[in-house]
Structures are given as C-alpha cells and as structure tokens.
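Undergrad: Give the three-dimensional model of this entry:
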Amino acid sequence: MACFDYKTRAMYIGFVVLVSMLVCSFAHLQRFEHPAKADGTLSFLVVGDWGRNGNFNQSEVALQMGRIGEKLDIDFVVSTGDNFYDDGLKGVNDPAFEESFTKVYTAKSLQKQWYSVLGNHDYRGDVEAQLSPVLRKIDSRWLCLRSFIVNAEIVEIFFVDTTPLVDKYMTDKEHSYDWRGLSSRKNYISNTLKDLEMALSESTAKWKFVVGHHAIRSAGYHGDTPELIRHLLPILKANNVDFYTNGHDHCLGHIASHDSPIQFLTSGAGSKAWRGYVNPNYGNALKFFHDGQGFMSVELSPTNAQIVLYDVFGKILHKLSMSKELLHSAI
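TA: Purely as a prediction, here's the structure:
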C-alpha cells in the first residue's frame with residue numbers, strides 16, 4: 001500500500017468497501033426495527049392462509065382480529081403465508097391485493113405494519129409482485145419479503161421462506177411455480193439456513209420467534225414437513241428458539257417439543273378451513289387443535305409470554321402462558 005499513489009489507494013479502498021458491502025448483503029438477513037411499547041411490552045396478531053376476497057369467513061375472522069387488536073393495542077400483524085388464493089397475485093396491479101387485503105382488514109387496530117412471508121400458493125403466482133415496493137405504495141401496511149428479521153426490542157422474529165425447501169413443489173406437475181430469484185435452489189437453501197443460523201446465534205433478544213409458512217410439527221392435514229425437521233429444526237434447537245409459528249394447515253394448533261423448549265404453533269385459519277382431520281399420534285405433545293377458522297395473539301414482556309388462540313367468533317379456545325425461565329429450565 002505504501003507504494004500506491006493517492007488516487008490508486010482511494011480506488012483500492014473503495015473497491016474493498018464495495019466488496020465488503022456485497023458480502024454483508026448476502027451474509028445477513030434484512031432487518032427491520034419495530035419499537036416495543038413504552039413499558040417494554042409488545043403485542044401482535046398472527047394469521048395465515050387468508051386471501052380469499054373476504055369469502056370463507058375471511059371477513060368474519062378479520063372482524064374479530066380488529067376487536068382483539070384494539071383490546072390488546074397491538075403493535076403489528078404477522079402473516080404466515082398463502083396470502084392470496086388460489087394462485088398468488090397476477091401482478092402489482094392485480095385487484096386481488098385490495099379485495100383480499102386492504103378492503104378486508106379495515107379495523108382501526110389493524111392499520112399497523114403487516115409482516116408477511118410467502119406460502120406455496122403465493123409461489124404459484126407472480127412472486128415478484130408480492131415482494132414489490134409498489135404494493136407498499138398502494139397500502140403502506142404491506143411488507144412481504146422472502147426471509148428477514150423484525151427486531152422489536154424484547155423479541156426478534158425471524159421470517160423464513162420455507163417453500164423452496166420442500167421437495168414436492170419441484171416435481172409438482174399440476175401447478176407452475178415462480179422460482180425467479182432462485183437461480184440455484186441448492187445455494188438458495190444453503191444461504192438461507194446459514195443466514196438464519198448466524199442471525200439466531202448473534203441475537204441477544206429476550207424472546208426468539210421463527211415464522212415460516214410450512215409446519216415443523218402439526219397435527220393438521222398437511223402435518224409435519226420432513227425437510228424442515230431435517231434442515232431447520234436443528235438450527236432452532238441449537239439457538240434456543242422459543243416459538244416456531246406457521247400456517248399451511250388451515251387450523252389452529254399447539255404442540256410442545258419433547259426434547260427442547262420450542263413450542264410449535266399453527267395459525268393458518270384465516271379463511272377456508274374445516275378439513276375434518278386431526279393426527280391422533282401426537283399423544284400428550286398435542287396441547288391443542290382446532291379444525292376451523294381463527295387467529296392467534298401474542299403478548300410479551302421481558303419475562304413472560306401469553307399466546308391465545310381464537311375462533312371465528314373471537315372466542316378464546318386455548319391459552320399458553322410461559323415464563324422465560326421456566327420455559328428453558330423445563331427441558
């Protein structure tokens with residue numbers, strides 16, 4: 001470096017900075033900051049598998065979400081994917097965006113940021129449209145990315161794009177999927193898991209939530225996802241994740257892990273449900289199951305978490321109250 005003239009040195013430093021920025025952009029998930037309340041607490045709703053133009057009781061679920069959202073003074077809403085049925089959006093100007101989102105979730109309490117992941121039905125449409133900032137101009141609440149982090153002070157929520165991890169979508173002859181942005185599935189999966197593992201290991205948040213569309217553990221029709229059990233679950237266990245939340249199964253559910261503190265929560269009942277199926281093989285690990293529409297609320301303090309599952313009428317079906325210390329000392 002000593003023999004470089006000033007101009008050459010400046011160019012060299014600029015190049016190093018550029019390379020470093022590029023490396024960091026691939027090595028880390030995009031992060032969004034969302035402040036907790038002044039008293040250090042946080043509350044939010046979780047809903048999935050909802051986008052049906054208000055039909056199949058979507059509007060009724062939305063009504064109750066608005067009521068509970070006001071009662072809890074929620075900070076934001078989490079969507080677990082399959083945001084638009086049956087085949088995602090056709091483009092950024094698809095009227096389904098407003099018909100299934102803007103005109104359905106109209107309650108004052110729901111005019112907060114929505115953080116959303118993609119589901120397999122979203123991949124059947126124009127994925128780039130759902131990820132586009134153009135939709136945020138139509139409705140500023142909307143934020144959907146492949147994988148990202150929301151840092152809300154006492155909790156970090158890690159959103160994971162699970163559809164590319166599932167093998168069956170690669171050989172599905174009945175539907176087409178929009179794999180743009182995934183030039184190499186193998187590299188995409190590897191990078192997603194590495195980024196998640198790095199982010200989880202570096203997290204100092206009191207609580208760790210991971211959100212994906214597909215279930216790791218579910219007693220519903222689709223059930224467990226072998227690829228997530230194989231690739232994702234070990235990372236969650238190794239990094240003291242508290243909750244994994246998913247949609248995909250059109251039901252509400254709670255399964256306790258037998259060998260880790262992780263609580264598996266299904267909230268995929270935002271519209272069409274009632275499949276008439278429950279997996280009876282979970283035994284005592286299955287804490288709750290509801291084959292019908294509804295949603296979930298989450299209330300957090302630095303030491304305690306309360307999860308509540310509601311049906312389509314806003315009736316409380318199941319409560320999970322956890323102490324941070326007890327949750328991790330029980331295993």
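
Undergrad: Would you mind writing the CA trace of stretch 201-212 as PDB?
TA: Backbone C-alpha positions of stretch 201-212 (Å, rounded to 0.1, in the frame of the first residue of the first chain) are rendered in PDB as follows:
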ATOM      1  CA  SER A 201     -26.600 -17.100  17.200                       C
ATOM      2  CA  GLU A 202     -25.900 -13.400  17.300                       C
ATOM      3  CA  SER A 203     -29.400 -12.500  18.700                       C
ATOM      4  CA  THR A 204     -29.500 -11.100  22.300                       C
ATOM      5  CA  ALA A 205     -33.300 -10.700  22.400                       C
ATOM      6  CA  LYS A 206     -35.200 -12.000  25.400                       C
ATOM      7  CA  TRP A 207     -37.500 -14.000  23.100                       C
ATOM      8  CA  LYS A 208     -36.900 -15.700  19.700                       C
ATOM      9  CA  PHE A 209     -39.700 -16.400  17.300                       C
ATOM     10  CA  VAL A 210     -39.300 -18.100  14.000                       C
ATOM     11  CA  VAL A 211     -42.100 -17.800  11.400                       C
ATOM     12  CA  GLY A 212     -42.400 -19.900   8.300                       C
END
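
Undergrad: Give me the contact list for that stretch.
TA: 46, 78, 80-81, 117, 151, 153-162, 196, 200, 228, 232, 236, 239-246, 298, 300, 302-303, 305, 324 (Cβ atoms under 8 Å, 6 or more residues apart in numbering). Placement of C-beta: from N, CA and C, glycine included.

Undergrad: and it, what's its mean pLDDT?
TA: pLDDT averaged over stretch 201-212 equals 97, rounded to a whole number.

Undergrad: in that stretch, what's buried?
TA: Residues 203, 205, 206, 207, 208, 209, 210, 211, 212 are the ones in stretch 201-212 that count as buried (16 or more other Cβ atoms under 10 Å).

Undergrad: Farthest pair within those residues?
TA: Greatest spatial distance in these: 206 and 212, 21.3 Å, computed using Cβ to Cβ.

Undergrad: mind listing the helices in this structure by residue range?
TA: Applying DSSP state H to the chain gives helices spanning 6-27, 58-72, 96-97, 127-131, 133-138, 185-202, 226-231, 233-238, 324-329.

Undergrad: Considering the ones you listed, which stretch scores lowest in mean pLDDT?
TA: When those are compared on mean pLDDT, helix 6-27 scores lowest, with a mean of 38.

Undergrad: Just the endpoints, please. Distance across stretch 228-240?
TA: Here the two ends of stretch 228-240 are set 17 Å apart, with distance taken as Cα to Cα, to the nearest Å.

Undergrad: no, scratch that, I was asking about stretch 130-147
TA: 13 Å.

Undergrad: go on, stretch 293-309?
TA: When the termini of stretch 293-309 are compared using Cα to Cα, they are 10 Å apart.

Undergrad: for that stretch, what is the average pLDDT?
TA: Mean per-residue pLDDT for stretch 293-309: 98.

Undergrad: do the same with stretch 265-275
TA: Model confidence over stretch 265-275 averages 97 on the pLDDT scale.

Undergrad: Stretch 143-151 too?
TA: 97.

Undergrad: now it: how far from the chain's centre is it?
TA: Using Cα atoms, centre = their mean, to the nearest Å, the mean C-alpha position of stretch 143-151 is found 8 Å from that of the whole chain.

Undergrad: Now the terminal residues of that stretch, how far apart.
TA: Its first and final residues considered, stretch 143-151 spans 14 Å by Cα to Cα.

Undergrad: Report the contact partners of the nearest residue to residue 219 once chain neighbours are set aside.
TA: For residue 219, ignoring the flanking residues on the chain, the nearest one in space by Cβ to Cβ, 6 or more residues apart in numbering is residue 279 at 4.2 Å. Taking Cβ under 8 Å, 6+ apart as the contact definition, residue 279 lies against 218, 219, 220, 223, 286.

Undergrad: among those, which two are most distant?
TA: Taking every pair in the contacts of residue 279 and measuring Cβ to Cβ, the maximum separation is 11.9 Å, between 223 and 286.

Undergrad: More neighbours: those two, which one.
TA: In terms of neighbours (other Cβ atoms under 10 Å), residue 286 is the more surrounded of residue 223 and residue 286; the figures are 19 against 16.
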